[in-house]
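Student: Below are the sequence and a predicted model; questions follow.
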Amino acid sequence: MAARKPTIEMPKQVPEKRVHNFEEVALGYNAEMAIEEAERCLQCPNPQCVNGCPVSIDIPDFILLIRDGKFDEAAKKVKEKNALPAICGRVCPQEDQCQKQCVLGIRSDPVGIGRLERFVADWERENSDTNSPMTPRTGGRVAVVGAGPAGITVAAELAKLGHSVDIFESLHAPGGVLMYGIPQFRLPKEIVQAEVEYVKTLGVEVHLDSTVGRLTTIPELFEEGFDAVFIGTGAGLPSFLHIPGENLKGIYSANEFLIRTNLMKAYRFPEYDTPITVGKNVAVIGAGNVAMDSARSALRLGAERVYIIYRRGRDEMPARHEEIENAEEENVEFVLLSNPVRFIGDERGFVNQVECIRMELGAPDDSGRRRPEPVEGSEFTIDMDTVVVAIGQTPNPLIQQTTEGLETTRRNTIVVDEETGQTSIEGVYAGGDVVTGTATVISAMGAGKKAVKSIHEYVMKKIAAR
């Protein structure tokens, strides 16, 4: 196979400009760029890229439609399998999924599948009617708990199959982690809400400020006439380091920092009365996507120097390569092979230093990455007036504690059948981060798609037996 021309790069704001605003960094393809990138696709007779897609989008077909300038048809082709294409095109790790399987990537750059997916979704939103005709109702009723990626996917797919679906969301806006966890400069809130509005056109009802486990319970939903329940409440409970000084003022969990910044729009204070204090020197502990989002948000909120402190090396960072590069371009400083051991405060109780110890990599641990081990006597301090702890999240245990018979793990994740999403309770299904712990948007959507098939079969049996 002869080498093909490299991928068409996506335009984006220059670092010097973007660090001073919360506008989207990546600007997207125009029509000419999209067609040129689509022409790179080999249209393989046995496409491997589809095998890498958790929601099984017909990738070659939608790319062929782009190549032929049939953008509206391409968008509809994507939406046959994915109700949230504008979101997935922006935040899904295509480089580790569909694009990793692209045959063209053997000798050249893989096709920019995610960029093309984003293009057709944006084109449809700006140029076409995104509404869909409602499927005739089956008489089945399903409650979906949580309006995040898994819950929205389940709701959309079940509505397409003719079921009446109600989503119960505890926050004041639908979207879950898409709204509270991912910054505006990476995923505009307007995009999320436009995708949710599309799902509503399928007949889905969304109930906000509705906390299942407190205002109502899973058993009560069945008493209200729902035939099945899907739990997609995500993993929104922060994890902490449990080291001295962690309760000093100026130390945030990433959850609080990003929720205040994103969902509550602290970056638009005083228009939105939700200020957040960010000092001149900010340390972010961790190196996943949440850590990168926190570090880059801190810059935009006025920090002069932002550090990522991570106990492993650059090659072991779990964040997307693209997000690491963006952070580097914006002059985020990386303090690698270093681990905090305590926070030091001033006389007012505010953090002003973080003490770290140097680490070295030993044998691989359970994750397959080399285990970081402390180097004795290598402690050092960094002056700091704000710290964001971004070392992962676990599920909120509210539903688990109020649903008798629901099997969980010691980390409060819900135990399910991997193929069906069925929990230990008949008629109750779960998927996404509440099952796996913190993972990707598309993996949550994939779990939702798996559960849909089983929920549909279960509900149809109940209908037939009435």
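Tutor: Structure's in. What do you need?
Student: How about the contacts made by Lys12?
Tutor: 18, 25-27 (C-beta atoms under 8 Å, 6 or more residues apart in numbering). Placement of C-beta: from N, CA and C, glycine included.
Student: distance of it from Asp366?
Tutor: Applying C-beta to C-beta, to the nearest Å, the value for Lys12 to Asp366 is 37 Å.
Student: ok, back up a step: just the buried residues out of the contacts of Lys12, in PyMOL syntax.
Tutor: Only the buried entries of these go into this PyMOL selection, using 16 or more other C-beta atoms under 10 Å:
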select buried, resi 18+25+26
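Student: want to throw the contacts of Lys12 into a markdown table with distance to Ala34?
Tutor: Rendered in a markdown table, the data for those read as follows (distance: C-beta to C-beta, whole Å):
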| residue | distance to Ala34 |
| --- | --- |
| Arg18 | 23 |
| Val25 | 19 |
| Ala26 | 14 |
| Leu27 | 13 |
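Student: Could you single out the nearest of the contacts of Lys12 to Val452?
Tutor: Ala26 (30.4 Å; C-beta to C-beta).
Student: residues contacting that closest one?
Tutor: 10-12, 90.
Student: mind running it again at 6 Å?
Tutor: Counting by C-beta atoms under 6 Å, 6 or more residues apart in numbering, Ala26 touches 10, 12.
Student: what bridges to it?
Tutor: Ala26 has the following beta-bridge partners by DSSP bridges: Lys12.
Student: I'd like to know how far it sits from Ala298.
Tutor: 20 Å.
Student: cool, and Asp315?
Tutor: Using C-beta to C-beta, Asp315 is found at 24 Å from Ala298.
Student: again with Gly213
Tutor: Distance, Gly213 to Ala298, by C-beta to C-beta: 33 Å.
Student: more neighbours, the two?
Tutor: Ranked by neighbour count (other C-beta atoms under 10 Å), Gly213 and Ala298 place Ala298 first, with 27 against 20.
Student: quick check, the more buried one in a helix?
Tutor: Yes: Ala298: assigned to a helix according to DSSP: H, G, I helix; E, B strand; the rest coil.
Student: List the residues that contact it.
Tutor: Residues near Ala298 by C-beta under 6 Å, 6+ apart: 278, 282, 306.
Student: Report the rounded mean pLDDT for the biggest helix by length in the chain.
Tutor: The residue-count maximum for a helix in the chain (DSSP state H) belongs to helix 441-464. Across helix 441-464, the average pLDDT comes to 94.
Student: what packs against that helix?
Tutor: Using 3 or more C-beta pairs under 6 Å, 6 or more residues apart in numbering; DSSP states H and E, the elements in contact with helix 441-464 are helix 149-160, strand 228-231.
Student: Residues touching that helix, excluding its own?
Tutor: Here helix 441-464 makes contact (C-beta under 6 Å, 6+ apart) with 54-55, 88, 91-92, 139-140, 149-150, 153-154, 157-158, 161, 227-228, 420-421, 429, 431-432.
Student: Convert it to CSV, retaining C-alpha atoms only.
Tutor: Output in CSV follows, covering the C-alpha atoms of helix 441-464 (Å, rounded to 0.1, in the frame of the first residue of the first chain):
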residue,chain,number,x,y,z
VAL,A,441,-17.7,9.2,27.4
ILE,A,442,-17.8,6.7,24.6
SER,A,443,-17.3,3.7,26.8
ALA,A,444,-20.3,4.8,28.9
MET,A,445,-22.3,5.1,25.7
GLY,A,446,-21.2,1.7,24.6
ALA,A,447,-22.3,0.2,27.9
GLY,A,448,-25.7,1.9,27.5
LYS,A,449,-26.1,0.5,24.0
LYS,A,450,-25.4,-3.0,25.4
ALA,A,451,-28.1,-2.5,28.1
VAL,A,452,-30.7,-1.3,25.6
LYS,A,453,-31.0,-4.6,23.8
SER,A,454,-31.6,-6.4,27.1
ILE,A,455,-34.0,-3.8,28.4
HIS,A,456,-36.0,-3.8,25.2
GLU,A,457,-36.4,-7.6,25.3
TYR,A,458,-37.3,-7.5,29.0
VAL,A,459,-40.0,-4.8,28.6
MET,A,460,-41.5,-6.4,25.5
LYS,A,461,-41.9,-9.7,27.4
LYS,A,462,-43.7,-7.7,30.2
ILE,A,463,-46.0,-6.1,27.6
ALA,A,464,-46.8,-9.5,26.0
